[in-house]
Each structure stands twice: as C-alpha cells, then as structure tokens.
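Enquirer: Below are the sequence and a predicted model for it; my questions follow.
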Amino acid sequence: MYLVNYPLLNGISTGHHQGKKIEIAAPICLLYLRTDGELVPIAIQLRQNAGEKYPIWTPKDDPLDWLLVKMWFKNADLQVHQVKSHYALTHIIAEIFAVAMYRCLPSIHPIFKLLKDHLRSTIPTNVIARKHLIPRVEKNLAINDVAYNINEHPFNEIKHCPISFINIGRRIEERFKHRTRIKRN
C-alpha cells in the first residue's frame, strides 16, 4: 500500500466562476500494488479535510463518479509533478550545484572535472526555459499564478540532506570570498 498526499495544493485558487472561487483538488490517494505489478488506486479523497462534504471515493462507487475522481487526482498529480518534481527538484537543484561549481571550484579541482560534463548545459537550459518555456507551460497549468510559491515547498521538505544548502552556500562563500573571478579553461 502507498499513500500519495498533496497538502501543498490546499486552498490554491485556479480562478473564479460566477463570483465563486474555484480551487484545485488537494487529494489524498491510497494505492495498492497488485500481485501482477500494477499500482491501482483503492481510495481517493479530493480535499485534505475529512468529512461529509469531502467523501472518500472507492472503486465501489458509481463508475462515472470513480472515473471523475481519478481524473481530478491525476490533474493534481500532474500539477505537482510539473512544478515541484520536475522543475524545482530537478532543474533548480541542479542549477544550485552548477553555479556553486563554476563560482567556487578551480577547473583543475577533481570535483569540477567530475561534475563539468553533467552540469555544463544546466544553466543555459534553465535560462532558456525561464525565458521561453515556463511562461507557455504556466498558461496550461491550473496553478499558474502560484507555481513559484509551490517551488518554495520542495526545499523545505528536503530532510535527507545532513547539511542545508544555505549552510553549504555560506561556507563556500566564506571560504572563497577573497576571489573575485575564477578563470576557466
């Protein structure tokens, strides 16, 4: 059994319709791994607050209702994947390391040599994405107005890292503050 929970979507407005605020679902989904290897939803609640107003839907409900609930969940999953998992936890994290590598490590450093091929296109890719791609993608995301606010959450959730990025950055900055510019080959 697996649990997927998206509390960071709670209360996010996607617009207004007839004067009423429309919010994206902030679902909780219980998934079961069948013996054939397929992961299937067995219960979905579309809001974080349990109660009569926000029921728990299961495959035993009306088939059309169950289909619609799965669609709402999948939509929320897509929103979180694009903004948090893909953009923030892939592109932004890699850019942090790329910037630190280029600013703080000489080109002869073994870690620089190890990372340069992996990070060489990170910064240009992110610059082009921020300028051309992200504005277009945001128009298609329901959470377009709050996408950057959601990006703050993933960094608060990093618990497996023994030292925060801020502390690492301060140490690197302190160690190399005497350097004004590092020349690259």
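Expert: Alright, I've got the coordinates.

Enquirer: Looking at this structure, which helix is longest?
Expert: For the chain, the helix with the greatest residue count under DSSP state H is helix 63-80.

Enquirer: could you give the mean pLDDT of it?
Expert: Mean pLDDT, computed over helix 63-80, is 92.

Enquirer: what helices or strands is the helix or strand following that helix leaning on?
Expert: As assigned by DSSP states H and E, the chain's next helix or strand after helix 63-80 is helix 93-104. Secondary-structure packing of helix 93-104 (3 or more Cβ pairs under 8 Å, 6 or more residues apart in numbering; DSSP states H and E): helix 110-119, helix 122-128, helix 165-175. All C-beta spots, glycine's among them, are computed from the backbone N, C-alpha and C.

Enquirer: Check which residues of the second one are buried.
Expert: What that stands for is helix 122-128. 122, 126 (16 or more other Cβ atoms under 10 Å).

Enquirer: Show me what it is packed up against.
Expert: By 3+ Cβ pairs under 8 Å, 6+ apart, helix 122-128 packs against helix 93-104.

Enquirer: mean confidence score for the helix it packs on?
Expert: On average, helix 93-104 scores 89.

Enquirer: how big is the angle separating that helix from helix 110-119?
Expert: 140 degrees (axes from the mean of the first three to the mean of the last three Cα atoms, to 10 degrees).
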